[in-house]
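A.B. asks: Show me how the following folds:
(chains A, B, C, D, E, F and G)
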Amino acid sequence: MRGNDQQAYDRGTSLFSPDGRIYQVEYAREAVSRGAPSVGVRTADGIVLAAQARASSTLMESESIEKLHKLDDHVGTASAGHVADARQLIDYARRMAQGNRLRYGESVGVETLTKYVTDHIQENTQRGGTRPYGAALLVGGLENGSPRLFGADPSGTPHEWKATAIGGSRGEIQEVLEEGWTESLSLDGGIDLALRALLTADDELDAGDLSVATITEHDGYQSLTVEEMEELLEGIDVPDDGESEDEEE
Amino acid sequence: MRGNDQQAYDRGTSLFSPDGRIYQVEYAREAVSRGAPSVGVRTADGIVLAAQARASSTLMESESIEKLHKLDDHVGTASAGHVADARQLIDYARRMAQGNRLRYGESVGVETLTKYVTDHIQENTQRGGTRPYGAALLVGGLENGSPRLFGADPSGTPHEWKATAIGGSRGEIQEVLEEGWTESLSLDGGIDLALRALLTADDELDAGDLSVATITEHDGYQSLTVEEMEELLEGIDVPDDGESEDEEE
Amino acid sequence: MRGNDQQAYDRGTSLFSPDGRIYQVEYAREAVSRGAPSVGVRTADGIVLAAQARASSTLMESESIEKLHKLDDHVGTASAGHVADARQLIDYARRMAQGNRLRYGESVGVETLTKYVTDHIQENTQRGGTRPYGAALLVGGLENGSPRLFGADPSGTPHEWKATAIGGSRGEIQEVLEEGWTESLSLDGGIDLALRALLTADDELDAGDLSVATITEHDGYQSLTVEEMEELLEGIDVPDDGESEDEEE
Amino acid sequence: MRGNDQQAYDRGTSLFSPDGRIYQVEYAREAVSRGAPSVGVRTADGIVLAAQARASSTLMESESIEKLHKLDDHVGTASAGHVADARQLIDYARRMAQGNRLRYGESVGVETLTKYVTDHIQENTQRGGTRPYGAALLVGGLENGSPRLFGADPSGTPHEWKATAIGGSRGEIQEVLEEGWTESLSLDGGIDLALRALLTADDELDAGDLSVATITEHDGYQSLTVEEMEELLEGIDVPDDGESEDEEE
Amino acid sequence: MRGNDQQAYDRGTSLFSPDGRIYQVEYAREAVSRGAPSVGVRTADGIVLAAQARASSTLMESESIEKLHKLDDHVGTASAGHVADARQLIDYARRMAQGNRLRYGESVGVETLTKYVTDHIQENTQRGGTRPYGAALLVGGLENGSPRLFGADPSGTPHEWKATAIGGSRGEIQEVLEEGWTESLSLDGGIDLALRALLTADDELDAGDLSVATITEHDGYQSLTVEEMEELLEGIDVPDDGESEDEEE
Amino acid sequence: MRGNDQQAYDRGTSLFSPDGRIYQVEYAREAVSRGAPSVGVRTADGIVLAAQARASSTLMESESIEKLHKLDDHVGTASAGHVADARQLIDYARRMAQGNRLRYGESVGVETLTKYVTDHIQENTQRGGTRPYGAALLVGGLENGSPRLFGADPSGTPHEWKATAIGGSRGEIQEVLEEGWTESLSLDGGIDLALRALLTADDELDAGDLSVATITEHDGYQSLTVEEMEELLEGIDVPDDGESEDEEE
Amino acid sequence: MRGNDQQAYDRGTSLFSPDGRIYQVEYAREAVSRGAPSVGVRTADGIVLAAQARASSTLMESESIEKLHKLDDHVGTASAGHVADARQLIDYARRMAQGNRLRYGESVGVETLTKYVTDHIQENTQRGGTRPYGAALLVGGLENGSPRLFGADPSGTPHEWKATAIGGSRGEIQEVLEEGWTESLSLDGGIDLALRALLTADDELDAGDLSVATITEHDGYQSLTVEEMEELLEGIDVPDDGESEDEEE
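C.D. replies: Sure thing, here's the model as predicted:
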């Protein structure tokens, strides 16, 4: 179903197409695919979040294009897609985390926090007068000492992952993750896997285009410095197949 | 009535077509058919809920695609269709069950709970500014000691069933249920019937793609472990006719 | 006026067509005609309500497709049309009946109750942002000891009847009622007339496809059991003309 | 201006056409013309209201298609057009009459009551999100001892009349009234004139298809019985010109 | 700009056309032109209001088509255009006049009252969800002893006049007023001028089709009787040029 | 971009066109250009406001087409464009000025008052459900003893001016102002410049078609009488080039 | 995707196009590009803001087209795009800054203030019933003694910059900034860089067309006088390539 037929159903969040699809949600997913990828890896020691974000000008401060954010003491998030939408979702998640802390005097669970966010996303796919969020989030952290990683897409569906990617080149990156992930992965092994996955999709990335954060019981949410990143990148061996570059962009 | 004529009436929940149909509700049913099937079986000993849910990646945690959920001590639900919509309905059912418990100090009846949900679904098919829910639910449990099973579709109509299926391949599965169901079915017999019905529609399913829950007076809501599932599947004999695979998408 | 011209006026409850019609209300009537028929008969001894409702599967509980419902001690209703809509109207009628009982300490009158419902239906035909109800109701019962029977259609117009039908095959059934009804009809005579009328429209109905309820001063609202139904059906003689079957469906 | 041009302006109550017309109001007048006629006659002794209403089935109770209603002790109304709309207007008028009685301890004036109703009607012709009322009313009664008769049309304009008709065949009936009305008409003379006017438009009407009510200082609002109607009809001589039947329908 | 182009801009009160016009306001002016004319004349002794209103039937009470109304002790109004709209504006003006009296204990000024009304009219030309008023008013009266006359058109613009007309044949009538008006005109001279102006536009008018009211310091708002009107009409000499009749209608 | 393409973007205040324009605001500017011009001149001694307003009939009171209004003791305004819209803006400005006086006990600043008005105008260019104001204002007065003059256009942008024009023939008039304005201009010099500018655009204007107001520290807001105007006009020498007349209208 | 296809998705802030874009936001960016450029430079000593704004008439006061505004003691802003929209954003930022001061008794952080503004901007890109802001802002100032500079675009995305431009000729200006910016730039060096960048895009600018403001710890927000500007411009050497002029406009 293309052209005029499709157009009849894709201009409202409150409409199903005859084959049972909600086009505006699918287009919002497209908005996520247009963005640079982010990756999350659950390891035995904690969560690894990694993201690609290349500044459009040498004068742009790289922190301001940061895709990784702390949500609570032991919870962080990685985003992809329409940047302004992602920021709203991150703010929403933070407010929910703070509210939970105020009401119950303790940190919100990773799963609970993810579901607060996906409930909010889903609402924007069913009511009129608004559009879906054009962004996806990974929410990772420690819950009762155990590392957990969730993904939230523009339909508002939460999924728990061992490791996954959101944003552009997702298919290619997910393959690397599936091949490399093991239950016993150490935190360093998780960082290595995350970076390798991102570099497979774009092997011209350097330390300044990437960011990594870890969430562990002991250290909480920690961002890696550029120096740490550079050191790490030297140790990573990405198979140089021209194919991946062509597929990219 | 196809093409432009149909399109004139199918883009609003608050519209009848000239032949008295509400297309958006029918398209929402289509959204349910696009999803994997779930099955409910009422037995003499309690309710059996079973669902197919195959993870899109080996890294996805299977619990996060769980289609079976506990709603109250002796009530559970199986869903099919648009996942984010189904989650909203399940949350709505849980809030209703909790509210009932708070107000009346006792568990809500299975029928009453189903009707809370279908009232909410119907409202979304009549008011403007929203779309119908693209999901169906089976609600099963014990009511005054008797097992009861209800289905709720996107029009908001509740029906009570001895055994039924929602989601993809519904026709094929329902046939297996109709042939196999008897009033005196034991809980184990019900599990066997539910799994056979799902395997008829897709005989390549293994234990990891399926989930089963039982609701009995004595044990309340119980999920089967993967190990229990594997053991069960070995004992099931599904007639291998190529036809069923072809029909299946 | 057909095709594009008609379409210009039939997509809004708040629109008249140039010839003074409200198409959405007429389409809602079409939704009623798509459903199975229900019948009401006023007799000297009380009200008879009867309905056809054939389950789509042998596993569906017939009570859950019940079209006859008690509204108050001496008032009942029969419905036809879009099932989820009908349920809302029945719930609305029950709430009105309960409210009346709470406020005035007595049962609501049959006419008053019908008008509560039709006021509610009419509102949905004049305001924007909603569609009409695709359902019709018969409301029957005892009012100050006298049996009264009312019909409510999708326009929100109440009419009082000696006997009438709503839903599919209405014309055919109404003819049987007109021929058979007399002022002195006994309750049993009324049941016989109602069943004969329904069987005229579809002579393949058996006891399981039909339901009958009676409302009398002495016994209040009473449903007939399947056994009572079977016994009754044996005694009914329906002229077997092939014509009626063709007209049907 | 016909066809597409007209359609550009006739689908909203809040739109003028280029020639300064409000089409939805004109279409609502068409809805009134589709209905059976009602007549009001002011006589020296009081008001006469008469209406034609033929039941669509012999099993329909004629009171339930009654077009004449008491609004207050000395005020009554006759309606024409979309029945469910007319009922809303009548209920509105009754609530206004009761409210007036509660607030001021006396009966509302006929003119005041009519203007309450026409204000309400006009509002539905100017605001969006609703359609005009497809009904017209005659409001007649005693005001400080003097008989007064008002008409309210779908635009919300009130007019005072000596005698007038609303609904189908209005032109023909009005002619009879104009010829026959005199200032000194007695109540019986007024009844005779009203019935003659209705019979001119449709000479096959019998007592069961007609209803008459009178409002006098002494007796207040009184409905004629069928027996009184039959007696009256015998005395009426309607010129039998085939022409009137053709014009009808 | 005609046809489709114009239609793109004329279906919303909240739209300008590319040449800076608000078509719905212009169409509302057209609605005023469709109505019979009203005239206002300021004289040295007070205000004269006159209106043409021919009943559509001999049975219609002429007072009920009255276009002249008292708003306050020394203020009156003449209307033209869509009758139901005009009535709303007159009611609005009366409520404003009463409110002023209640709050400040004195009669509202003629100019202030006019501006209350035009503010209300303008609001209906700028906000969505409503249409402009299809009516114009003349508001005349005594303010601090001085006669003042204002006009309010469908755009909500107030103008003060020595003498003016609203409604059909406005151009023709205004010419007569411009020729005949002088600063020293007496009240009788003003009545004569007003009637002559109306008769110029339609020389078949008789006393029953016309109404005249005067507002003076001494007598306040006074309506002329039909007898007074007849006497006056005899004294008026209207030049009989066939041209005026053709232009009319 | 013309025709259909442009029409796609010009029918909503809440829409940008692909080239970043808001057409409804541009059309509102067109509504201003359709009106007669107004002029403001800042002089060393105070502000001069002047406007052209020719009555459409000799019977119209010229004060009622006045374009110059006092807003506060030392602040006045000149308007151009859709008259009813301009009146709303002037009322809004007056309410703001009064509110300021009540709250702070002192006169509002000229700049502050202008910005209150432009904020209100801008809001009508961004929210749906309304149209922009089709009017422009000049706001001039004394602020801490210094004369200041501001202009407010339909986009809601305020600008401060030494001298400027709004409304029809703006380009032509602005040229005269630019040539004639000097920092040391006296109040009389400013009046002369303003009148010369208006007469350049239309040299057939006489004293009755023009109005002038001055705002000085000593005398506050003062309107010139017609006699003063006539005297002034005699002393003005406008170059008689036929070109200006052609350009006009 | 051009023409009709694109038009299907670009007329609503609450719509994604099939390729995941929000056209109204992109068109709002176009509105920014239509405006004159503004520049921000972060130096070791503080922030430099510079803007081009040429008056359309010699009689327009240049302050009233000022693009640089103080937001708080140590925070300022430069704007570009639709002027009335920019003013709203500046007012919004000021209210937020004042609110922060009232609530916390201290100056708001530069980053926090920027995010208040971008949250507000984003909201206008997701909800229906409004359009995005057609303006961009640079927000610069001292935060805990350190100079920081942020940009906010019509999508509501905040970015931190060392130096950047918004508005017309952005690409060209950004190139000059990238070439000339160093970490150790003095305040005077920053002013020189900013002016050179603006002059590269348009070498005919003189002191009256430009404005510069500095924000330092010691002096807070300071605007340069025209005299200071003239002196500075003499010292700036802009390479005279005809190319830049062609690209401009």
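A.B. asks: which helix of chain A spans the most residues?
C.D. replies: Using DSSP state H, we find that the single longest helix of chain A is helix A:83-104.
A.B. asks: Could you give me the buried positions within that helix?
C.D. replies: A:83-90, A:92-94, A:96-97, A:100 (16 or more other CB atoms under 10 Å in any protein chain shown). Backbone N, C-alpha and C define where each C-beta goes, glycine included.
A.B. asks: Need the residues that contact that helix.
C.D. replies: A:31, A:35, A:65, A:67, A:69, A:71-72, A:75, A:77, A:79-80, A:106-108, A:112-113, A:116-117, A:120-121, A:133-135, A:137, A:139, A:152, G:115, G:118-119, G:121-122, G:125-126, G:155-158 (CB atoms under 8 Å, 6 or more residues apart in numbering or on different chains).
A.B. asks: residue boundaries of the strands in chain A?
C.D. replies: In order along the chain, chain A carries the following strands (DSSP state E): A:38-42, A:46-52, A:68-72, A:75-81, A:135-143, A:146-152, A:158-160, A:163-166, A:210-216, A:220-223.
A.B. asks: For D:Leu15, which of the ones you listed is the nearest?
C.D. replies: Nearest of these to D:Leu15, taken as CB to CB: strand A:135-143 at 40.7 Å.
A.B. asks: near chain B, anything from the closest one?
C.D. replies: No. Judged by CB under 8 Å from any CB of the partner chain, strand A:135-143 makes no contact with chain B; its nearest approach is 12.2 Å.
A.B. asks: and what of stretch A:67-79?
C.D. replies: No. Stretch A:67-79 does not reach chain B (CB under 8 Å from any CB); its nearest approach is 15.4 Å.
A.B. asks: mind checking pLDDT for A:Ile22?
C.D. replies: Looking at A:Ile22, its pLDDT is 89.
A.B. asks: Tell me who's in contact with it.
C.D. replies: A:Ile22 neighbours (CB under 8 Å, 6+ apart): A:13, A:15-16, A:125, A:155, B:31, B:82, B:131, B:134.
A.B. asks: quick check, nearest of those residues to chain E?
C.D. replies: Proximity of the contacts of A:Ile22 to chain E (CB to the nearest CB) peaks at A:Thr13, which lies at 21.9 Å.
A.B. asks: what's stretch A:185-197 in contact with?
C.D. replies: By CB under 8 Å, 6+ apart, stretch A:185-197 touches A:39-50, A:163, A:165, A:173, A:176-177, A:180-182, A:210, A:212, A:214, A:216, A:224, A:232-233, A:235-238.
A.B. asks: and the residue of chain A nearest chain D?
C.D. replies: Closest point on chain A to chain D, by CB to the nearest CB, is A:Gly128, at 14.8 Å.
A.B. asks: Tell me if I'm right that that residue and B:Arg127 touch.
C.D. replies: No. The criterion here is CB atoms under 8 Å, and A:Gly128 misses it with B:Arg127 at 10.2 Å.
A.B. asks: ok, back up a step: distance of the closest residue in space to the residue of chain A closest to chain D that isn't next to it in sequence from C:Gly129?
C.D. replies: Spatially, and ignoring its direct neighbours in sequence, A:Gly128 is nearest to B:Gly129 (4.2 Å; CB to CB, 6 or more residues apart in numbering or on different chains). Per CB to CB, to the nearest Å, B:Gly129 is found 7 Å from C:Gly129.
A.B. asks: ok, now A:Val75?
C.D. replies: A:Val75 is 41 Å from C:Gly129, where distance means CB to CB.
A.B. asks: picking up where we left off before, my guess is the residue nearest to A:Gly128 contacts A:Thr130, does it?
C.D. replies: No. Taking contacts as CB under 8 Å, B:Gly129 lies outside contact range of A:Thr130: 10.5 Å.
A.B. asks: A:Asn124: what's it in contact with?
C.D. replies: A:Asn124 touches A:13, A:130-133, A:156, G:126, counting by CB under 8 Å, 6+ apart.
A.B. asks: hmm, 6 Å instead?
C.D. replies: By CB atoms under 6 Å, 6 or more residues apart in numbering or on different chains, the contact list for A:Asn124 reads A:130, A:132-133.
A.B. asks: So which of those are in helices?
C.D. replies: Reading helices off the contacts of A:Asn124, I find no matches (DSSP H).
A.B. asks: just those now: which is nearest C:Arg54?
C.D. replies: Distance to C:Arg54 across the contacts of A:Asn124 (CB to CB) is lowest for A:Pro132, with 41.6 Å.
A.B. asks: So for the closest one, what pLDDT did the model give?
C.D. replies: A:Pro132 carries a pLDDT value of 93.
A.B. asks: got it, and the one 5 residues further on?
C.D. replies: Each residue has a pLDDT score; the one for A:Leu137 is 98.
A.B. asks: Count the neighbours of whichever residue of chain A sits closest to chain F for me.
C.D. replies: Nearest residue of chain A to chain F, counting by CB to the nearest CB: A:Gly129, 10.3 Å away. Residues near A:Gly129, counting by other CB atoms under 10 Å in any protein chain shown, number 14.
A.B. asks: Thought G:Gln126 was touching it, still the case?
C.D. replies: No. The criterion here is CB atoms under 6 Å, and A:Gly129 misses it with G:Gln126 at 9.7 Å.
A.B. asks: Confirm for me that A:Ala163 is in contact with B:Met60.
C.D. replies: No. Using CB under 6 Å, A:Ala163 and B:Met60 do not qualify as a contacting pair, with a distance of 9.8 Å.
A.B. asks: Low-confidence bits of chain A, can you list those?
C.D. replies: Per-residue confidence for chain A (pLDDT under 70) gives these ranges: A:1-14, A:238-249.
A.B. asks: near chain B, which residues of it?
C.D. replies: Within chain A, the positions near chain B by CB under 6 Å from any CB of the partner chain are A:8, A:14-16, A:18-20, A:122, A:126-128, A:155-157, A:159-164, A:178, A:181.
A.B. asks: what about 7 Å?
C.D. replies: A:8-9, A:14-20, A:118, A:122, A:125-129, A:155-164, A:174, A:177-178, A:181 (CB under 7 Å from any CB of the partner chain).
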